[in-house]
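J.: Need the 3D shape of this:
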Amino acid sequence: MTNMLRFLTENHYEAGAIILFGIGFLNLLLQDNLIKKFIGLNIMDTAVYLFLVSQGYIAGHTAPIATVGQKALASKFINPIPSGLVLTGIVVSVSVTAFSLALVQRLYKKYGTLSLDKVLVLLKEDKEDESNP
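T.: Numbering: from 1, shown residues only. I've put the predicted structure just below:
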């Protein structure tokens, strides 16, 4: 038991990322409302970003910015790749969310509901109506 508590206190960012990912994943699976599903997807994205940032951080090291008059030792800097991945991921996530919400808006205008089950039933009925002239 003490090993588990020590592990959680030493790796609290990773544990938080896992908990957030689980919350987002359950929200994605269990919600019927399309907007709530995309909120769950955004929570999962945030958990991945938190995990990447926690893996890229090294205590006592600084950002890789060389200054004039000081030696630029690679061992004193953190790895900039996770930060770049997180920034890229945030941009992609915002774009996907905007596109998805635009699609949800179109679905709501056409079918009058945000329930995924109802939209699928209405979509199936539309396809049957098109195949039977």
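J.: elements contacting the lengthiest helix in the chain?
T.: The longest helix of the chain (DSSP state H) is helix 81-111. Applying 3 or more CB pairs under 8 Å, 6 or more residues apart in numbering; DSSP states H and E, we find helix 81-111 packed against helix 34-56, helix 116-131. Where C-beta positions appear, they are placed from N, C-alpha and C, glycine not excepted.
J.: Could you tell me the phi and psi values at residue 77?
T.: Backbone torsions of residue 77, given as degrees, to the nearest 10, read phi -110, psi 160.
J.: Name the nearest residue to it, ignoring sequence neighbours.
T.: residue 64 (4.0 Å; CB to CB, 6 or more residues apart in numbering).
J.: pretty sure the one you found is in contact with residue 75, am I right?
T.: No: Residue 64 is beyond contact range of residue 75, at 11.3 Å (criterion: CB atoms under 8 Å).
J.: mind checking how far the residue most central in space within the chain is from residue 91?
T.: By CA atoms, centre = their mean, the chain has its centre lying nearest to residue 45, at 0.7 Å. Distance, residue 45 to residue 91, by CB to CB, to the nearest Å: 11 Å.
J.: do residue 132 as well
T.: When residue 132 is compared with residue 91 (using CB to CB), they lie 45 Å apart.
J.: The two: which is more packed in?
T.: Counted by other CB atoms under 10 Å, residue 132 and residue 91 do not tie: residue 91 has more neighbours, with 10 against 6.
J.: who touches the lowest-mean-pLDDT helix or strand in the chain?
T.: The helix or strand of the chain with the lowest confidence, counting by mean pLDDT, DSSP states H and E, is helix 2-10 at a mean of 76. Identification of contacts with helix 2-10 by CB atoms under 8 Å, 6 or more residues apart in numbering yields residue 15.
J.: Check stretch 11-26 too.
T.: With CB under 8 Å, 6+ apart, stretch 11-26 has contacts from 8, 40-48, 50-51, 53-55.
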